[in-house]
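Colleague: Requesting a structural model of the entry that follows:
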Amino acid sequence: MKKHLIIIAISLLICPIIISAQEWDPQHDTLDAAVKTDSRRVVESLGKMTTSVEGVRRVISPLGEGDPIRWAQGLPGVTTGADGTTAFYVRGGNMGNNLITLDGVPVYGYSHLLGLTTIVPQDVMSEASLLKGGFEGNSSNFTAGHLKITTKDPNREKFRMSAALNNFLASISMESPISKNTSFLLSARISPLAWEYKAVRGMLPSLLGGFDNFGAGVGDVYGKFRWQTGKRSVLNASFLGSMDGYSFTAADNADEKMGWNNLIGTVNWHVDGNRSFMDLRASVNRYTSSQEQHKEYRGVMNHLTLKSSLIEYMFSFDRTESMFKAFKMDYGTKLRITEFAPGQVASVNNKSNSFLGTVYLQGRYDIEDKLSARATVRGHYYRNMKDKSIKTSMEKIKAGRFDYDASVSVDWKIFKYLSLEATFDRMVQYYHTLEGLPVGWSLDMIVPSSREIAPENALQGNLGLSSQIGKHTVSAGGFYKKMNDLVYYKYAQSLFSGGMASWESDVDMGQGRSYGAEFLHEYVGKDLYTRVSYTWSKTDRFGFPSINEGGEFHARFDRRHVLNAVAQWKGFSAAVTLQSGHWENGAAETYPMHVPGAEWTADYFSGVNNYHMPTVFRLDLGYMFSFETGKVKHDVNVGVCNATNHFNPFMLYFDAVTEGWKMIALLPILPNFSYRISF
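Modeller: Below you'll find the model as predicted:
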């Protein structure tokens, strides 16, 4: 476990960072007028918070510009896992209870470069939205938050190209018309991390010692083809492929490898009618992860391999009808056939297929500047097809289970400067993530519900007030959430274990409860922009038979106070993160103890809430500027992440050699410099 974590520390220490910084192109933006007026603003509507790609890019991060997850981590109701990584928790849910989609298609292995960024290139993004309640009709199979990433349409008027070189990623993108009715968008990125490691280690061997033969294969390719098939119809076809692979030889001559990759293909046909529009979408989604270890143990060479995969075939139909001026009706269906192969070790066969069918009906009522309301009901049929003893069609249908979701949202403008928002949701999730270390790396196994593992479900309510007066926007509210049949993986702290093949016997199921208050303030001026978000919350888990004898304990990263503040003045940016510490929980571990004349074993971490981790504090600084030479635009970004070099540990582990506890942190002080050309 420790060896895997050191890889992040190695990559984070390699400086300087050269990264891209782009300007937002409003021609391809799909946000409403409020966002187009000022792309820095976070637009709130019916449980959803939205920003343009420019708002995402302004987030300071180790890569010089933000990504959708880092943007979401700064919003109220959200807490983070390990500092500087892509792990995030929404309103008390588990990390695996979040849904991340790209143009409506789930992205299961979303992290890149060991959690430094996501696999979606910003060159192809249009907007990002985080939904925390009042979920939309075509959103399903999750119980916490939905992070929606939308891509832009390829430019249909002229050829555009940009290129960037950075410490972790070299990228190139282009978009161009092909004919009057067709255009394309293409983006590719590759990481020189392995070469950089060798170069830095040659100059500073003491700084990056401890690893030999370090290798990293990281990259992604995205393409989108757009065809205007008629005056009111458009066909989009897109492709996303990503690869993350890491290998090294540790000090004890153990060869280790780990990695993950994604392959997503999507075809979408959109048709506009006089008073309606329709979307037909088909996609194929393949996600795989693997871990290998070749190590000598007691004089014998052992080779361990653990592989997992998921292939999902999805078809969806969505239609919106304008019934009359203020009322719209949405309805549709989504069908998924998924092939799971989690924890494949040697001859162990954990393969199983599942079918998930969903239909929904949604009504929307809108009176401009007065009232917005939405009510949704979804019906689900789910079946795990692993049981081969069922023969007849009726028996197969009865072997499945029926369930439902429901969502209600109301935004009532009480008077000119004050609005009331209320949301209610019941959500069901059929895919479970067996979470490991809270770093957001895409190594966690995803498994289906079965006879032994029931679907997770959550019941949530939210009530709040908001006001916009001039350049100020303020919102405040509270939420309560009850979770049932939550999955808890007993060996979460073991990042690599052949025992994961028997995952079904290592899962506990129980309940959760979370409640809290959220606050957001924005100021949007000509040169000055500020945003402050604060969350007070309490999240518990209980009813897990093998944990605390079924009693209550703090959920992972139950941070009581979370404060995020951002200030931007002209080209200068500053961001502060202050999060209270969380209680460290863990299963019992036994270590040998030695004293002269005696030897025995002792338990460490034998209970819950053993140690209260310290407060997280981080200060990030940045400065952006641009200039032009002829038809070429240059963008430069300089900054420092974690400017105070504050040690933000996220986990404890016991070192049996020194017989002492050690803490792990990932993000040291990181200066960054970025440069991009575009024309």
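
Colleague: tell me the secondary structure for residue 549?
Modeller: Secondary structure assignment for residue 549 (DSSP: H, G, I helix; E, B strand; the rest coil): helix.

Colleague: ditto for residue 136
Modeller: Following three-state DSSP, the label given to residue 136 is coil.

Colleague: Next, the contact list for it, please.
Modeller: 362, 374, 376, 407 (Cβ atoms under 8 Å, 6 or more residues apart in numbering). Where you see a C-beta, it was placed from the backbone N, CA and C, and this is true even at glycine.

Colleague: From residue 290, how far off is the first one?
Modeller: Read that as residue 362. With the distance defined as Cβ to Cβ, to the nearest Å, residue 362 ends up 40 Å from residue 290.

Colleague: Neighbour count: those two, which is higher?
Modeller: More neighbours surround residue 362 than the other of residue 362 and residue 290, with 20 against 17 (other Cβ atoms under 10 Å).

Colleague: Could you list which residues are in contact with that one?
Modeller: Applying Cβ under 8 Å, 6+ apart to residue 362 gives the contacts 136, 137, 329, 330, 331, 374, 375, 376, 377.

Colleague: now do 7 Å
Modeller: By Cβ atoms under 7 Å, 6 or more residues apart in numbering, residue 362 lies in contact with 137, 330, 331, 374, 375, 376.

Colleague: Correct me if wrong: the first one contacts residue 330.
Modeller: By that I understand residue 137. Yes. Between residue 137 and residue 330 there is a contact under Cβ atoms under 7 Å: 5.1 Å.

Colleague: Strands along the stretch 301-450 of the chain, start to end?
Modeller: 327-344, 352-367, 371-384, 401-415, 418-429, 431-434, 445-448 (DSSP state E, counting those that start in this stretch).

Colleague: wait, which of the ones you listed is closest to residue 641?
Modeller: Residue 641 lies closest to strand 431-434 among the strands of the stretch 301-450 of the chain, at 27.6 Å (Cβ to Cβ).

Colleague: pLDDT wise, what is residue 205 at?
Modeller: Note on residue 205: pLDDT of 58.

Colleague: Equivalent analysis for the one 10 residues further on, please.
Modeller: According to the per-residue confidence, residue 215 scores 85 in pLDDT.

Colleague: now do residue 367
Modeller: So residue 367 comes in at 92 (pLDDT).

Colleague: show me the residues around it that make contact.
Modeller: residue 326.

Colleague: Please tell me how far it sits from residue 413.
Modeller: For residue 367 relative to residue 413 (Cβ to Cβ), the value is 9 Å.

Colleague: same thing with residue 218?
Modeller: Residue 218 is 48 Å from residue 413, by Cβ to Cβ.

Colleague: Neighbour count: those two, which is higher?
Modeller: residue 218 (24 against 16).

Colleague: Which element, helix or strand, includes the more buried one?
Modeller: Assigned by DSSP states H and E, residue 218 belongs to strand 212-230.

Colleague: Can I get that strand as PDB, trimmed to CA atoms?
Modeller: Extracted in PDB, the C-alpha atoms of strand 212-230 (Å, rounded to 0.1, in the frame of the first residue of the first chain):
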ATOM      1  CA  ASP A 212      14.000   1.400 -10.100                       C
ATOM      2  CA  ASN A 213      12.600   0.900 -13.600                       C
ATOM      3  CA  PHE A 214       9.800   3.400 -13.000                       C
ATOM      4  CA  GLY A 215       7.400   3.400 -16.000                       C
ATOM      5  CA  ALA A 216       4.200   5.300 -16.800                       C
ATOM      6  CA  GLY A 217       2.000   5.000 -19.800                       C
ATOM      7  CA  VAL A 218      -0.700   7.700 -19.600                       C
ATOM      8  CA  GLY A 219      -2.800   9.200 -22.400                       C
ATOM      9  CA  ASP A 220      -6.200   9.800 -23.800                       C
ATOM     10  CA  VAL A 221      -7.900  10.400 -27.200                       C
ATOM     11  CA  TYR A 222     -11.300  12.100 -27.800                       C
ATOM     12  CA  GLY A 223     -13.000  12.500 -31.100                       C
ATOM     13  CA  LYS A 224     -16.500  13.900 -32.000                       C
ATOM     14  CA  PHE A 225     -18.200  13.900 -35.400                       C
ATOM     15  CA  ARG A 226     -21.200  16.100 -36.000                       C
ATOM     16  CA  TRP A 227     -23.600  15.800 -38.900                       C
ATOM     17  CA  GLN A 228     -26.500  18.200 -39.500                       C
ATOM     18  CA  THR A 229     -28.800  15.500 -41.000                       C
ATOM     19  CA  GLY A 230     -31.700  18.000 -41.500                       C
END
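
Colleague: Sort out which residues of that strand are buried, please.
Modeller: 214, 216, 218, 219, 220, 222, 223, 224, 225, 226, 227 (16 or more other Cβ atoms under 10 Å).

Colleague: Below-threshold pLDDT in this structure: ranges please.
Modeller: For the chain, the stretches with pLDDT under 70 are 1-39, 200-211, 251-252, 296-301, 346-348, 387-397, 491-505, 586-607, 653-660.

Colleague: if you set the cut-off to 50 instead, what comes out?
Modeller: 1-37, 495-496, 498-499 (pLDDT under 50).

Colleague: how about the helices in it?
Modeller: Using DSSP state H, the helices of the chain run over 2-13, 33-37, 53-57, 68-73, 193-203, 393-399.

Colleague: Which residues in stretch 479-486 does the neighbour count mark as buried?
Modeller: 479, 481, 482, 483, 484, 485, 486.
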